[in-house]
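fold the stuff below for me.
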Amino acid sequence: MIRTHPLNAEPAMSKLRLLQASSAADKAWMREVVSVFGARDAGLARLQDRANGEPGSRLRELYDLYVTTRDAFLSAR
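Below is the predicted model:
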């Protein structure tokens with residue numbers, strides 16, 4: 001049986017695929033964090049929410065993608 005999303009007829013993403021998407025988004029975001037804050041300050045910037053970026057920035061775009069994919073993974077059954 002193929003599970004489908006309740007709002008459309010497309011098969012629901014598997015928990016593994018959601019994890020892979022979340023991991024890829026996290027890595028892309030953190031590469032950008034390192035490029036903006038430097039390797040030394042990247043981890044601290046992430047923990048202090050400075051790594052979220054300004055609205056409209058590439059950093060914010062990647063952060064939003066990470067949050068979206070992370071939340072999809074966490075809410076999957």
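
which residues of the chain fall in helices?
15-37, 39-47, 58-75 (DSSP state H).

may I see these arranged in CSV, with mean pLDDT and mean neighbour count as well?
In this view, the C-beta of every residue, glycine as well, is placed from N, C-alpha and C. Converted to CSV, the helices of the chain look like this (pLDDT from 0 to 100; neighbours: other CB atoms under 10 Å):
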stretch, mean pLDDT, mean neighbour count
helix 15-37, 97, 16
helix 39-47, 95, 14
helix 58-75, 97, 16
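
Tyr63 touches Asn52, doesn't it?
Yes: contact criterion CB atoms under 8 Å: Tyr63 and Asn52 qualify, at 4.9 Å.

might you report the residue contacts of Val67?
Val67 is in contact with no residue at all, counting by CB atoms under 8 Å, 6 or more residues apart in numbering.

if you set the cut-off to 10 Å instead, what comes out?
22, 25-26, 29, 52 (CB atoms under 10 Å, 6 or more residues apart in numbering).

and what of Val34?
So Val34 contacts 40-43, 45-46, 51 (CB under 10 Å, 6+ apart).

mind checking how far it is from Tyr66?
14 Å (CB to CB, to the nearest Å).

mind checking pLDDT for the closest residue to Glu61 other than its chain neighbours?
In space, not counting the residues next to it along the chain, Glu61 is nearest to Gly53; the distance is 7.6 Å by CB to CB, 6 or more residues apart in numbering. In this model, Gly53 is scored at 95, pLDDT.

I'd guessed Gly53 sits against Tyr63; true?
Yes: the pair Gly53 / Tyr63 is scored as a contact, 5.5 Å apart, by CB atoms under 10 Å.
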